[in-house]
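[1] Pasted the sequence and its predicted model underneath.
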Amino acid sequence: MALIHGGQLQQIAQKYQTPAEQWLDLSTGIAPLSYPIPDIPLNIWQDLPQQNNDLLTAAKHYYQCEHLIVTNGSQAIIKALPELWQKKQNTLTLDNKDPAHCAHHVYLPQYGYKEHAQAWRNAGYSLHFYLDELPVIDDIQANSVLVIINPNNPTGLLFTNETLLTYQKVIENLNGLLVVDEAFMDVIPTNNSICSQVANSNTLVFRSFGKFFGLAGIRIGFLVANQSWCEAFNEHLGPWQVNGPAQLIALHALHDSDWHQQQKQTLNILRNELEKLLWQYLGNNIISEIKGTDLFLTLSFNEASNINAESLYTLLCQQAVYVRLTDEKDKLRFGIPTQQQLIKLAKILQACI
Ligand SMILES: Cc1ncc(COP(=O)(O)O)c(C=O)c1O
């Protein structure tokens, strides 16, 4: 069954019978300001996309890694991974003649981007969910997969580099696979990325391009891994995964360090203003906690309040404000608004609370 995500404005607009263009759409964690699209020569539209070595070099520099491949977003990799991991395990089983090498356990965050769990569940794996703490090391089974979303969407939970490296070693000794989804890492000032530490390990890091650069529509991203995993994915996915215009835009964007600094600063200011505004209009009678990153904020609700996540979601939809009600229906996630959108949101909150 298809999962529900933010960004379904047409559907929501129809449900609430308000034209899509009248909505304030804060339903995703995509930056509200996007990298300016450069001029794209006609031949880039006309030709089949080719391997772009300049893009690979720029991406290796930006992500600080040795090996990577260009993908059409992390989603494609999330979906393809269980089959590829199965293939790798089958090869190991044949080599070792030991069926225990085919363990079917995956550890995942209970709150988090649900496509990971869906992909492993559909492939027949046994899922084990963890909350704020990673699984107890002694409980992790041999040959299993550990998925970490760092920082987590929607909770904002962030693990340190040290913790990740400890688990990397544990998983390595267990012949398992570590998957780190760094979709929102670009805005973390302490840079907790482990991209520079995966070249010699069985670790995959997913980097989404669309969120920080505000260009989710062009569908481009990167998989950082060792050479063997990069080759396996390239072979599995086949040619022409990523269109030429997207590659050219990403090349410009990844090089532009002045823009990165500016974007980080702007997103941080807007996040702080949103947080202030939410406390001001909702207050601690309604909300108990705000967590997140500079690309989204997630609100938890006071149990004593007569407004909860679901009722506020409906109230906001009635005012043509679209935010994300979490899958558990107990939290609301707000994307970061522009200055103009903040003014509109303040007026609406003032009127409806
Ligand atoms: C944590 C996380 N990972 C991956 C994705 C997929 O991103 P994309 O396919 O655009 O790179 C999302 C999308 O919302 C996400 O929230």
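    Looks like it arrived, so ask away. The model shown is predicted, which means the values in this text are computed figures rather than measured ones.

[2] near the ligand, which residues of the protein?
    With CB under 6 Å from any ligand atom as the criterion, the chain comes near the ligand at residues Gly73, Ser74, Gln75, Tyr113, Ile149, Asn153, Asp181, Ala183, Ser208, Gly210, Ala216, Gly221. In this view, the C-beta of every residue, glycine as well, is placed from N, C-alpha and C.

[3] Could you list the buried residues of the strand or helix carrying the third one?
    Mapping Gln75 onto the secondary structure by DSSP states H and E places it in helix 74-96. Under the neighbour-count criterion of 16 or more other CB atoms under 10 Å, helix 74-96 has Ser74, Gln75, Ala76, Ile77, Ile78, Ala80, Leu81, Pro82, Leu84, Trp85, Gln89 buried.

[4] do the same with stretch 1-8
    Gly6, Gly7, Gln8.

[5] pLDDT averaged over it - what is it?
    Per-residue pLDDT values across stretch 1-8 average out to 85.

[6] Between the two ends of that stretch, how far is it?
    16 Å (CA to CA, to the nearest Å).

[7] Contacts for that stretch, please.
    Stretch 1-8 has contacts (CB atoms under 8 Å, 6 or more residues apart in numbering) with 25, 27-30, 114-115, 118, 216, 322-324, 327, 333, 335.

[8] Narrow the residues you listed to those in strands?
    Asp25, Tyr322, Arg324, Arg333, Gly335 (DSSP state E).

[9] Hmm, the second one is touching Leu24, no?
    Yep, that's Tyr322 we're talking about. Yes: with contact defined as CB atoms under 8 Å, Tyr322 reaches Leu24; the gap is 7.0 Å.

[10] These two: which has the busier surroundings?
    Neighbours were counted for Tyr322 and for Leu24 using other CB atoms under 10 Å; Tyr322 has more, 24 against 19.

[11] Quickly list what that one is bridged to.
    Counting by DSSP bridges, Tyr322 is bridged to Asp25.

[12] Work out for me the element Lys291 sits within.
    Assigned by DSSP H and E, Lys291 falls in strand 287-293.

[13] tell me which residues of that strand are tucked away?
    Buried residues in strand 287-293 (16+ other CB under 10 Å): Ile287, Ile290, Lys291, Gly292, Thr293.

[14] Provide a list of residues in contact with the closest residue to the ligand within the stretch 201-350 of the chain.
    Residue nearest to the ligand within the stretch 201-350 of the chain: Ser208 (3.2 Å; CB to the nearest ligand atom). Residues near Ser208 by CB under 8 Å, 6+ apart: Gly73, Ser74, Glu182, Ala183, Phe184, Gly221.

[15] So which of the residues you listed wins on neighbours?
    Neighbour-wise, the contacts of Ser208 (other CB under 10 Å) top out at Gly221, 26 neighbours.

[16] Quick check: that residue vs Leu215, distance?
    11 Å (CB to CB, to the nearest Å).

[17] do His128 as well
    35 Å.

[18] the more surrounded of the two?
    Taking other CB under 10 Å, His128 and Leu215 do not tie; Leu215 has more neighbours (20 against 16).

[19] Apart from its neighbours in sequence, what residue is nearest the more buried one?
    Among residues not flanking Leu215 along the chain, Ser34 sits closest, at 5.2 Å (CB to CB, 6 or more residues apart in numbering).

[20] Ala309 too?
    Per CB to CB, 6+ apart, closest to Ala309 is Leu332, 5.0 Å.

[21] Kindly state the beta-bridge partners for that neighbour.
    Going by DSSP bridges, Leu332 forms beta bridges with Leu299, Leu325.

[22] count of residues packed around it?
    Neighbours of Leu332 using other CB under 10 Å come to 25.

[23] hang on, isn't it packed against Val321?
    No: judged on CB under 8 Å, Leu332 makes no contact with Val321 at a distance of 10.5 Å.

[24] Looking at the record's assignment, how would you partition the chain?
    Domain assignment of the chain by automatic domain parsing yields the ranges 9-34+259-352, 42-255.

[25] Could I get those domains in TSV, plus columns for distance to Met1?
    TSV is the format used below for the domains of the chain (distance: least, CB to CB, whole Å):
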stretch	distance to Met1
domain 9-34+259-352	12
domain 42-255	8
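
[26] would CSV of the buried residues of strand 287-293 with pLDDT be doable?
    Output for the buried residues of strand 287-293, formatted as CSV (pLDDT from 0 to 100):
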residue, pLDDT
Ile287, 97
Ile290, 98
Lys291, 98
Gly292, 98
Thr293, 98
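
[27] Going by residue numbers, what spans are strands in the protein?
    Counting by DSSP E, the strands of the chain are 24-25, 68-71, 105-109, 126-130, 145-149, 177-181, 203-208, 221-224, 287-293, 296-301, 321-322, 324-325, 331-335.

[28] just these: most buried one?
    Among the strands of the chain, strand 221-224 has the highest mean neighbour count (mean count of other CB atoms under 10 Å), at a mean of 27.
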